[in-house]
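Chemist: From the sequence below, what's the structure:
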Amino acid sequence: MSYNAILLKKRPEIRITPDVFEKVSQPMPLLADGEFLVKQTHMSLDPAMRGWMSADKDSYIPPVELGEVMRSSGIGDVVESRHPDFPVGTRVMGMMGWTEYFVARGGLSPVPTTVPQEALLSVVALPGVTAYHGLYEVLKPQAGQTLVVTGAAGSVGSMVGQLAKLEGVTVIGVAGSEEKCRWLTETLGFDAALNYHDENFAAQLAAATPKGIDLFFENTGGAAQAAIYHRMNAHGRVAVCGMIADYNTATPQPGPNWMNIVRKRLMIQGFTMPDHYHRFAEYGQKLAELLMEGKLKYRAHTLHGLDSAIDGINLLFTGENKGKLIVEL
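Modeler: I've put the predicted structure just below:
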């Protein structure tokens, strides 16, 4: 008996092309004492994967080595166990990679079987805890402030905006299509949503933020960044989570001039979740409570079958995904 896995075969140059990966068949493992076997059911695709494929060793997390299973987080069920804490039937979540089965000795967290897997990956997993940390620990929102979040219809941005609304913050979302903008306002309750492709984006932003911008959650970089940066109020705070507009470009776009940082006394902080893994359970518990109370909404864009990840990951960089991008195995 065997199972399939997908390895990183070579480094992508700019776009992630199918020849970057290699699908292989692996023999089913024999477990040693202390190990358990997980049948992965749902796999998360995230923008950070683009960086994990690069050769850059001077980053917040080591790259995936060539010939290794491509890294990703996911959810699965324990189907065989020689570990007392992970009996058969336990549902677990954590880093497993692009693989149908995964052998672990630990490092995975049990999760309830009563919550749908898509909800767990969309809210309680990496997107949710990233949003939670960036909002509460970096931006430190206060009622009455105005926040702008880019990539607002994505898995992180949509959580940021909803959490901020719970704190009494005025939330302006920036997204890449009219459909996404309607979802942000009509379903998630954002105060306004702007399409950065519009020629008069800067004018729309000014109209939507008559009191300026106090908080900026940056997910994308690109065309919207300068206009938002120049609307910042004195002592404004910027959380830099991602630069997805530059992940598949040979040369990153130049950023705004730093003079405004001095003039407005801005606090700008980048962050990555590996620095805060010790708080993952804490954040996840709070997010799960909000989800069960009906205070957080999500939508998932689900692909089917392990092979769908090979082309599907590019949906993250074209903006064609609608919600958290997940592969159901």
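
Chemist: for the stretch 101-250 of the chain, what spans make up the strands?
Modeler: 101-104, 109-110, 146-150, 170-175, 192-195, 213-218, 232-240 (DSSP state E, counting those that start in this stretch).

Chemist: So which other helices or strands are in contact with the shortest one?
Modeler: So the one you mean is strand 109-110. Applying 3 or more Cβ pairs under 8 Å, 6 or more residues apart in numbering; DSSP states H and E, one finds that strand 109-110 contacts strand 91-95. From N, CA and C alone the C-beta is placed, and that goes for glycine too.

Chemist: if we can go back for a sec, hey, least reliable of the strands of the stretch 101-250 of the chain by pLDDT?
Modeler: Lowest mean pLDDT of these: strand 109-110, a mean of 92.

Chemist: who does it pair up with?
Modeler: strand 91-95 (antiparallel) (DSSP bridges).

Chemist: which residues sit against the strand it pairs with?
Modeler: 38, 71-78, 86, 104, 107-113, 120-121, 124-125 (Cβ atoms under 8 Å, 6 or more residues apart in numbering).

Chemist: again, only using 10 Å
Modeler: 36, 38, 40-42, 44, 71-78, 86, 102, 104, 106-115, 117, 120-121, 124-126, 280, 284 (Cβ atoms under 10 Å, 6 or more residues apart in numbering).

Chemist: So which of those belong to helices?
Modeler: 117, 126, 280, 284 (DSSP state H).

Chemist: so which of the residues you listed comes closest to residue 255?
Modeler: Taking Cβ to Cβ as the measure, residue 255 lies nearest residue 126 of the ones in helices among the contacts of strand 91-95, at 25.6 Å.

Chemist: and the closest residue to the closest one other than its chain neighbours, how many neighbours does it have?
Modeler: Nearest non-adjacent residue to residue 126, counting by Cβ to Cβ, 6 or more residues apart in numbering: residue 73, 5.9 Å away. By other Cβ atoms under 10 Å, 18 other residues sit near residue 73.

Chemist: you'd agree residue 73 is up against residue 102?
Modeler: No: using Cβ atoms under 10 Å, residue 73 makes no contact with residue 102, being 11.2 Å away.

Chemist: which neighbours do the two share?
Modeler: Shared contacts of residue 73 and residue 102, counting by Cβ under 10 Å, 6+ apart, come down to 94-96, 108.

Chemist: List only buried entries from these.
Modeler: 94, 96, 108 (16 or more other Cβ atoms under 10 Å).

Chemist: how about a markdown table for these, with distance to residue 158 and pLDDT added?
Modeler: Shown next, in a markdown table, are those (distance: Cβ to Cβ, whole Å; pLDDT from 0 to 100):
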| residue | distance to residue 158 | pLDDT |
| --- | --- | --- |
| 94 | 23 | 92 |
| 96 | 24 | 96 |
| 108 | 26 | 92 |
